[in-house]
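Undergrad: take a look and give me a structure for this.
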Amino acid sequence: MSSRHHIDDFIRGRIIGKIEEGRKITDVARVFDIAHSVVSRQWKSFKTTGMCSRRHGGGRVRSTTPAEDRYIVLSAKRNRRTTAQQVANQFLAASGKQISRKTVARRLRGGGLYARRPVVCVLLTRQHRTARLQWCREHHNWTEQDWACVLFSDESRFSLSSDCRRQLIWRESGTAYRPENIQEKDRYSTCSIIEWAGIMINGRTRLHVVTNGTMTGQRCIDEVLLPHVHLFRGAVGDKFVFMDDNATCHRTLVVQDCLDSEGIQRLVWPARSPDLNPIENVWDALGRQVAGRNYPPTNKNTLIRALTEEWDKLPQQLLDNVVQSMVRRVEFCITLHGGHIPY
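TA: Numbers count the residues shown, from 1 in each chain. Okay, the predicted model is just below:
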């Protein structure tokens, strides 16, 4: 904080308080990163009048008027993916006045807009939103005890590289999941391996690597249902519910026959709803743990080893918390009429 910056009443009060405690003006100036002369002036003013105020000196004249500031903010809101330099060019064309991109950035921050990465979500049509809303209304009365009997499962792709997502947008704080700040897209990027796992309250399955091709209905039975889901069904009992998404391999007749024969109840799941599935948050945490290792994986084998080790290290409390959030997820989805929820 330099001497030319505005000092609010709270900082002034703290400055006076420090000096009254016996601190030297030089030390107080160093603590608050303010010029010695500014602190000295505030203290002299306080001793003379019993109050302190900012001296209104001659500073640099603002290059834009309040009306022009509102125009700059409105331009960014109309196209949130425009850059500060593009906003400056638009301002020049509209007003004939040239301003820098730094001025634009300051005006946008003053208007509550900050450069942030857009949230990437799957594309939702009107039919998808209607189905999600109906599903959430049907499960609105479920308690945490009801969700505790559900085994949430999913496959996820992991690779050695990631999307840097360098494109930014202008948005206000706390508005990441507003429709204008969301980037909807279908992305089927190539990845090294596919992992499957399931989570529930007080439990998790082992991390299973899907190798040699894609998952089919029969492979789903042989590699997922019988070795993993069957064990949880026996441990939980008749209240056990199995959740999987609407992938083609999960909806084959052989899979349904296997579930019926094992007495496993399946949770109907709305399409395009990864944000409702709490295991997606666990995948994100797992990816961060692997990326933050001292020696990141460099090939497929080390990637599998790293994922397996970090999966076992994930605290169970994290898994319990995301499962318990299902009550809030359902409420959010109803409030947003089936739209994207902030999870």
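
Undergrad: just say helix, strand or coil for residue 76.
TA: Under DSSP: H, G, I helix; E, B strand; the rest coil, the three-state class of residue 76 is helix.

Undergrad: residues touching it, list them.
TA: Neighbouring residues of residue 76 by C-beta atoms under 8 Å, 6 or more residues apart in numbering: 82, 87, 108, 111, 113, 170. In this view, the C-beta of every residue, glycine as well, is placed from N, C-alpha and C.

Undergrad: go on, residue 150?
TA: 200, 241, 242, 243, 267, 323, 326.

Undergrad: dihedrals phi and psi, it?
TA: Main-chain torsions, residue 150, degrees, to the nearest 10: phi -100, psi 130.

Undergrad: same question, residue 81
TA: When read as degrees, to the nearest 10, the backbone of residue 81 gives phi -100, psi 0.

Undergrad: so how far is residue 74 from it?
TA: Separation of residue 81 from residue 74 (C-beta to C-beta, to the nearest Å) stands at 15 Å.

Undergrad: so which of the contacts of residue 150 belong to helices?
TA: Mapping the contacts of residue 150 onto helices (DSSP state H) picks out 323, 326.

Undergrad: can you turn the buried part of the contacts of residue 150 into a ChimeraX selection?
TA: Applying 16 or more other C-beta atoms under 10 Å to the contacts of residue 150 leaves a buried subset, and the ChimeraX line that selects it is:
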select :200,241,242,243,323,326
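
Undergrad: how about the contacts of residue 150, which pair is most distant?
TA: The largest separation in those, counting by C-beta to C-beta, is between 242 and 326 at 14.9 Å.

Undergrad: number of residues surrounding residue 310?
TA: The tally of other residues near residue 310 (other C-beta atoms under 10 Å) stands at 19.

Undergrad: okay, now the closest residue to it other than its chain neighbours: neighbour count?
TA: What sits nearest to residue 310 in space, not counting adjacent residues and going by C-beta to C-beta, 6 or more residues apart in numbering, is residue 289, at 4.1 Å. By the criterion of other C-beta under 10 Å, residue 289 has 16 neighbours.

Undergrad: ok, now the one 10 residues further on?
TA: Neighbours of residue 299 under the rule other C-beta under 10 Å: 9.

Undergrad: what do you get for residue 12?
TA: By other C-beta under 10 Å, the residues close to residue 12 number 18.

Undergrad: just the CA trace of stretch 65-78, in PDB.
TA: Listed next in PDB are the C-alpha coordinates belonging to stretch 65-78 (Å, rounded to 0.1, in the frame of the first residue of the first chain):
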ATOM      1  CA  THR A  65     -15.800   9.400 -16.600                       C
ATOM      2  CA  PRO A  66     -18.300   7.400 -14.500                       C
ATOM      3  CA  ALA A  67     -20.500   7.000 -17.500                       C
ATOM      4  CA  GLU A  68     -17.600   5.700 -19.600                       C
ATOM      5  CA  ASP A  69     -16.800   3.300 -16.700                       C
ATOM      6  CA  ARG A  70     -20.300   1.900 -16.900                       C
ATOM      7  CA  TYR A  71     -19.900   1.500 -20.700                       C
ATOM      8  CA  ILE A  72     -16.700  -0.500 -20.200                       C
ATOM      9  CA  VAL A  73     -18.300  -2.800 -17.700                       C
ATOM     10  CA  LEU A  74     -21.400  -3.300 -19.900                       C
ATOM     11  CA  SER A  75     -19.200  -4.100 -22.900                       C
ATOM     12  CA  ALA A  76     -17.500  -6.900 -21.000                       C
ATOM     13  CA  LYS A  77     -20.800  -8.300 -19.800                       C
ATOM     14  CA  ARG A  78     -22.200  -8.400 -23.300                       C
END
